[in-house]
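Q: This is a predicted model, with the sequence first.
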There are 2 protein chains.
Amino acid sequence: MLLVDDDAAIRRTLTVGLELEGFDVVCASGGRPALEAVGAVRPAVMLLDLTMPDLDGLEVLRRLRVAGEDLPVCVLSARDQVADRVQGLEEGADDYVVKPFALEEVSARLHALLRRRPPRETDAVVVGDIELDPAGFSARRAGRDLELTRREFELLHLFLRNPGVVLDRRRLHEEIWRYTFDPGTNPTDVFVGYLRRKLEAGGEPRVLHTVRGVGFVLRA
Amino acid sequence: MLLVDDDAAIRRTLTVGLELEGFDVVCASGGRPALEAVGAVRPAVMLLDLTMPDLDGLEVLRRLRVAGEDLPVCVLSARDQVADRVQGLEEGADDYVVKPFALEEVSARLHALLRRRPPRETDAVVVGDIELDPAGFSARRAGRDLELTRREFELLHLFLRNPGVVLDRRRLHEEIWRYTFDPGTNPTDVFVGYLRRKLEAGGEPRVLHTVRGVGFVLRA
DNA sequence: ACGCTTCGTGAGAACTTCGTGAGAGATCGC
DNA sequence: GCGATCTCTCACGAAGTTCTCACGAAGCGT
């Protein structure tokens, strides 16, 4: 979750409390950092303070919605009038909690929002500048679309699920080609080659390294 | 929306107020009638009082969730302790408003819930320049009416509900043709072909892409 | 430095998968 | 019934993918 508040004390308190509740918390100290953070960390939910010096919370919300960003947002504010709440909700907030608040309630409300959001981005994998989306059968490096064939895709998927782990030929052969390991011939090497070519087509450094006598590793 | 409260005066007040806000209101006077009403009128959202003589609101909520019913629920209650709210939210409520309440706020919160409503099969779908309206059995691309047959329509509908997701032949076959995947023959390819022809009749770029060895995707 | 092993890659053969036209059978409306 | 769709099968050519093979390059141990 992304926590946005300009008051460092509140940030600290909420971070500690929400982490105890099991949330993975990222903080932003103002409106502009918040907008950047949404793009960068792609949080599942956001807790947004309204009163901030650089960019008002409502403005942040408005910009997110205009940009088509539909992440659930819970507004947290000292403005306690009915009109404030109605305005916040109408601007696209999913919930509105008035300060002072009880940590358990905020946590429960965040959970309620997350409950509605399970099928978000089906287990996409990201390692370094490489991202792979199993649902869409697509993969990108540094934003560039790698047009992978099925085998290449499976291979990259396997490496991405085991970053930093050396995979030997036996393992690769079993996982990609299902059983039967015949040492006579080696499609593995060929496909690692294909993958490297596509991964490095934009001049990026090598990430698929060979470990002589053992196998291959993906390292960012 | 379904309004559940055992107090006739509150029902009356809320009904009048919410109808003025544009809601289509159905009332239930207790827990059991509420459960029946959910099945019968299939409301888009529910406003649920907790304290009721026949069946407690929390129990109603619990039964709905156990039955796999995921309609958004906003609890309305006089129980104002943090613990009550947390309990309500944890039992599966999506929001919790404490009495006395402001009509505008309840209305704004209901709107916020409806905004998140999971799309129903009968809702119109729009992806890029393609729009499809299940109720009217019509589909358009860039304003031009595609005159689809039933199969073509079902196929396009399925793709539109899963934009960016690769659908394999098994899935397509199961969803459109129900059961049995016989690999001997393939209407799927033929109908994808028909669809493409109609989708691209105006010279528009291809949106139904084939993913070799896997299936097809709709990408805008 | 030498020889042995392991890896990288180009070329192309073999294979799989896809696209589409033609037409038979089913269905529907009139 | 009868004609007009609509749905589906089939088959074949086209296109893309996978895999084998072979040879040169690069590491590794002595």
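A: Received, thanks.
Q: Up against DNA strand D, what does chain A have?
A: When proximity is defined by Cβ under 7 Å from any atom of the strand, chain A lies next to DNA strand D at A:149-152, A:177, A:184-187, A:190-191, A:212-213. Glycine gets a C-beta too; all of them are placed from N, C-alpha and C.
Q: so which residue of chain A comes closest to DNA strand D?
A: residue A:149 (3.0 Å; Cβ to the nearest atom of the strand).
Q: From residue B:168, how far off is the closest residue to that residue other than its chain neighbours?
A: Among residues not flanking residue A:149 along the chain, residue B:212 sits closest, at 6.8 Å (Cβ to Cβ, 6 or more residues apart in numbering or on different chains). Distance, residue B:212 to residue B:168, by Cβ to Cβ, to the nearest Å: 12 Å.
Q: ditto for residue A:51
A: 50 Å.
Q: Over to residue A:52?
A: Distance from residue A:52 to residue B:168, by Cβ to Cβ: 47 Å.
Q: Just the C-alphas of the lowest-mean-pLDDT helix or strand in chain A, formatted as CSV.
A: One helix or strand of chain A scores below all others by mean pLDDT, DSSP states H and E: helix A:169-177, with a mean of 87. Taking C-alpha atoms only, helix A:169-177 is exported to CSV below (Å, rounded to 0.1, in the frame of the first residue of the first chain):
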residue,chain,number,x,y,z
ARG,A,169,20.3,-28.3,-18.1
ARG,A,170,18.5,-31.3,-16.6
ARG,A,171,16.1,-28.9,-14.7
LEU,A,172,15.5,-26.7,-17.8
HIS,A,173,14.9,-29.7,-19.9
GLU,A,174,12.5,-31.2,-17.5
GLU,A,175,10.5,-28.0,-16.9
ILE,A,176,10.3,-26.9,-20.4
TRP,A,177,10.3,-30.1,-22.3
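Q: can you pull out the strands in chain A?
A: Secondary structure of chain A (DSSP state E): strands located at A:2-4, A:26-28, A:46-49, A:73-77, A:95-98, A:125-127, A:130-133, A:138-141, A:144-146, A:167-168, A:208-211, A:215-218.
Q: and the fifth one, is it in reach of chain B?
A: What that stands for is strand A:95-98. Yes. With Cβ under 8 Å from any Cβ of the partner chain as the criterion, chain B is reached by strand A:95-98 at residue A:95.
Q: Can you tell me the strand partners of that strand and which way each runs?
A: Sheet pairing of strand A:95-98 (DSSP bridges) gives strand A:73-77 (parallel).
Q: Name the residues that touch the strand it pairs with?
A: A:5, A:45-51, A:57, A:61, A:64, A:84, A:88, A:92-99, A:101, A:106, A:109-110, A:113 (Cβ atoms under 8 Å, 6 or more residues apart in numbering or on different chains).
Q: Relative to residue A:131, how far out is the residue nearest the centre of chain A?
A: Taking Cα atoms, centre = their mean, the centroid of chain A lies closest to residue A:42, which sits 4.7 Å from it. As judged by Cβ to Cβ, residue A:42 and residue A:131 stand 11 Å apart.
Q: How confident was the prediction at the residue nearest to residue A:149?
A: Residue B:212 is assigned 96 on the pLDDT scale.
Q: Please look at it and residue A:150 and confirm they touch.
A: Yes. In this structure, residue B:212 is within contact of residue A:150 by Cβ atoms under 8 Å, at 7.0 Å.
Q: Have a look at those two and say which one is more surrounded.
A: Counting neighbours by other Cβ atoms under 10 Å in any protein chain shown for residue B:212 and for residue A:150 shows that residue A:150 has the greater number, 13 against 8.
Q: Show me where chain A dips below the pLDDT cut-off.
A: By pLDDT under 70, the weakly predicted segments of chain A are A:117-122, A:179-184.
Q: Tell me which stretches of it form helices.
A: A:8-20, A:31-41, A:57-66, A:82-90, A:103-115, A:150-161, A:169-177, A:187-199 (DSSP state H).
Q: Other residues contacting the last one?
A: Contacts of helix A:187-199 from elsewhere in the structure, counted by Cβ under 8 Å, 6+ apart, are A:130, A:141, A:146-149, A:151-152, A:155-156, A:169, A:172-173, A:176-177, A:206-208, A:210, A:216.
Q: switch to 10 Å and redo it
A: A:129-130, A:139, A:141-142, A:144, A:146-149, A:151-156, A:159, A:167-173, A:176-177, A:186, A:205-210, A:215-216, A:218 (Cβ atoms under 10 Å, 6 or more residues apart in numbering or on different chains).
Q: re the thing from before, so which of the helices of chain A is nearest residue B:80?
A: Ranking the helices of chain A by proximity to residue B:80 (Cβ to Cβ) places helix A:103-115 first, at 11.2 Å.
Q: distance between that closest one and the chain's centre?
A: 20 Å (Cα atoms, centre = their mean, to the nearest Å).
Q: tell me the angle of it relative to strand A:73-77?
A: 160 degrees (axes from the mean of the first three to the mean of the last three Cα atoms, to 10 degrees).
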